[in-house]
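**Q** Give me a model of this one.
(2 chains)
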Amino acid sequence: EDKVVQSPLSLVVHEGDTVTLNCSYEVTNFRSLLWYKQEKKAPTFLFMLTSSGIEKKSGRLSSILDKKELSSILNITATQTGDSAIYLCAVNRNNDMRFGAGTRLTVKP
Amino acid sequence: NAGVTQTPKFQVLKTGQSMTLQCAQDMNHNSMYWYRQDPGMGLRLIYYSASEGTTDKGEVPNGYNVSRLNKREFSLRLESAAPSQTSVYFCASSRDRGYNEQFFGPGTRLTVL
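**A** Residues are numbered from 1 along each chain as shown, chains lettered A, B, ... in the order given. Take a look at the predicted model:
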């Protein structure tokens, strides 16, 4: 059965720390892998990755896909309290998207 | 440009009652989706509509029905609500299925007593 597994499930850090969130997947008909940030309400889109080894970057956030290892990481450098959220990994298949359970990140001042 | 809108924001039902959750998007997207989110379980797909006129089951379709009313609107119906359907429901849309990111509505918090 297709699955998307994220680790760790939760993480507490202090402002200024760097964090790495992991996502591994086993899915048929892989199309792309996406990262979302969810604060209080709806998930908001961060990155979509389709090719191995090409880093996507937005400010302090970056992400990369390894299709050989069936995994992706999301890095956040110099964390801020505003980065506190649930980070969701999702894999686009032919027809739909399968989500992981998410990593809850808490950044303390 | 409102994006994806959902109504209602909150709802409390008694076991056995029925209700319809409404979703609309103004981005001219072809594909629309309904998810439920439960603590510790991420988002699980209930039903999706790859294009106007088509609907398909997702991961957890039991107890739900959907209607793709037109290109903009996709509704989710609970015919006989059960406590196990207490959850937060999200509607989403994407340009097409497969390669595009999905845009999410604000969610509906449903409690079934």
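**Q** Below-threshold pLDDT in chain A: ranges please.
**A** For chain A, no stretch is flagged by pLDDT under 70.
**Q** Looking at strand pairing, list the partners for the residue nearest the centre of chain B.
**A** Geometric centre of chain B, nearest residue: B:Trp34, 2.8 Å, by CA atoms, centre = their mean. Here B:Trp34 sits in beta bridges with B:Tyr47, B:Cys91, going by DSSP bridges.
**Q** What parts of chain B come near chain A?
**A** Residues of chain B found near chain A (CB under 8 Å from any CB of the partner chain) are B:4, B:33, B:35, B:40-45, B:48, B:50, B:56, B:58-59, B:90, B:97-107. Where C-beta positions appear, they are placed from N, C-alpha and C, glycine not excepted.
**Q** Show me the strands in the chain, by range?
**A** Looking at chain A here, since you left the chain open. Using DSSP state E, the strands of chain A run over A:3-7, A:10-14, A:19-26, A:32-38, A:44-49, A:56-58, A:61-66, A:71-76, A:85-92, A:97-99, A:103-108.
**Q** you looked at the wrong chain, it should be chain B
**A** Using DSSP E, the strands found in chain B span residues B:4-7, B:10-13, B:19-25, B:31-37, B:43-49, B:56-57, B:64-68, B:74-78, B:87-94, B:103-104, B:108-112.
**Q** Compare the ones you listed and report which one is nearest to A:Asp66.
**A** Of all the strands of chain B, strand B:43-49 sits nearest to A:Asp66, with 23.4 Å by CB to CB.
**Q** what sits up against that closest one?
**A** With contacts defined as CB atoms under 8 Å, 6 or more residues apart in numbering or on different chains, strand B:43-49 is touched by A:43, A:88, A:90, A:95-99, B:31-38, B:55-61, B:64, B:66, B:68, B:74, B:76, B:89-90, B:97.
**Q** Pull out the buried residues from it.
**A** The neighbour-count check on strand B:43-49 (16 or more other CB atoms under 10 Å in any protein chain shown) flags B:Leu43, B:Arg44, B:Leu45, B:Ile46, B:Tyr47, B:Tyr48, B:Ser49 as buried.
**Q** tilt between it and strand B:64-68?
**A** Counting by axes from the mean of the first three to the mean of the last three CA atoms, to 10 degrees, strand B:43-49 lies at 50 degrees to strand B:64-68.
**Q** Now strand B:43-49: average pLDDT?
**A** Average pLDDT, strand B:43-49: 94.
**Q** what do you get for stretch B:17-24?
**A** Stretch B:17-24 carries an average pLDDT of 97.
**Q** which other residues reach that stretch?
**A** So stretch B:17-24 is contacted by B:4-8, B:11, B:13, B:32, B:34, B:72-81, B:89, B:91, B:105, B:108, B:110, B:112 (CB under 8 Å, 6+ apart).
**Q** quick one: it to chain centroid distance?
**A** In terms of CA atoms, centre = their mean, to the nearest Å, the centre of stretch B:17-24 is found 9 Å from the chain centre.
**Q** burial count for residue 39?
**A** Went with chain A since none was named. 12 (other CB atoms under 10 Å in any protein chain shown).
**Q** switch to chain B, that's the one I care about
**A** When neighbours are counted by other CB under 10 Å, B:Pro39 comes out with 8.
**Q** How much space separates it from A:Ile54?
**A** Between B:Pro39 and A:Ile54 the computed distance is 34 Å (CB to CB, to the nearest Å).
**Q** same question, B:Gly16
**A** Distance, B:Gly16 to A:Ile54, using CB to CB: 52 Å.
**Q** can you tell if stretch A:54-71 touches chain B?
**A** No - judged by CB under 8 Å from any CB, stretch A:54-71 and chain B are separated, with a smallest distance of 12.1 Å.
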